[in-house]
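**Student:** Need the 3D shape of this:
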Amino acid sequence: MATLDVIEKEGLLKNSADVGAHMLKRMADWPKKHKIVGDVRGRGLMIGVEIVKDQKTKEYAADLRDKIVQGAFTKGVLFLGCGPSTVRIAPPLIVNHEQADVAVDILEEAIAKVESGK
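**Tutor:** Alright, predicted model coming up:
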C-alpha cells in the first residue's frame with residue numbers, strides 16, 4: 001500500500017503516461033525508417049520494439065534483437081529481450097524526458113548499426 005501511495009502522491013502515474021507517450025511518439029515511424037523494426041507498441045513506460053527479419057512476414061529475429069540489446073548495453077543503457085524477438089523498454093517511473101530521449105537515441109543507434117551489418 002505504501003508503494004501505491006508514493007506512486008499516487010508523487011505523480012508517478014501521470015509521469016509514466018506523459019514520458020511514455022513522448023517515447024512512443026518518437027518511435028512511431030521506426031517501422032517505416034528501419035527495415036528490421038516490425039512494430040512499436042506499449043502503454044505508459046512499458047514499451048516493446050519488435051525486431052523482425054522481414055516486415056511482411058514478421059519472421060522473428062531474436063539474434064538481431066540480442067545484438068541490439070548488447071549494442072545499447074555497451075553505450076550504457078540496459079534493455080531486455082522479451083518474447084521471441086522484442087526489445088523491452090521499462091524505465092523507472094521517475095524517468096524524465098531528457099533521460100528517455102537519451103535511451104531512445106541509443107536504442108535507435110543500436111538498431112541502425114545492426115541493420116547496417118556493422
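
**Student:** helix or strand right after the longest strand along the chain?
**Tutor:** Once the chain is assigned using DSSP state E, the strand that runs over the most residues is strand 46-54. Proceeding C-terminally, strand 46-54 gives way to strand 59-60 as the next helix or strand, assigned by DSSP states H and E.

**Student:** for stretch 62-77, the distance to its chain's centre please.
**Tutor:** The chain centroid and the centroid of stretch 62-77 are separated by 11 Å under C-alpha atoms, centre = their mean, to the nearest Å.

**Student:** If you count neighbours, what's buried in it?
**Tutor:** Neighbour-count burial for stretch 62-77, with 16 or more other C-beta atoms under 10 Å as criterion, is recorded at 64-65, 67-69, 71-72, 77. Backbone N, C-alpha and C define where each C-beta goes, glycine included.

**Student:** And those residues, which is closest to Met23?
**Tutor:** Distance ranking of the buried residues of stretch 62-77 against Met23, using C-beta to C-beta, places Val77 first at 12.8 Å.

**Student:** rewinding a little: so which elements touch the longest strand of the chain?
**Tutor:** Packing contacts for strand 46-54, counted by 3 or more C-beta pairs under 8 Å, 6 or more residues apart in numbering; DSSP states H and E, involve helix 12-27, strand 37-43, strand 59-60, helix 62-74, strand 86-89, helix 97-116.
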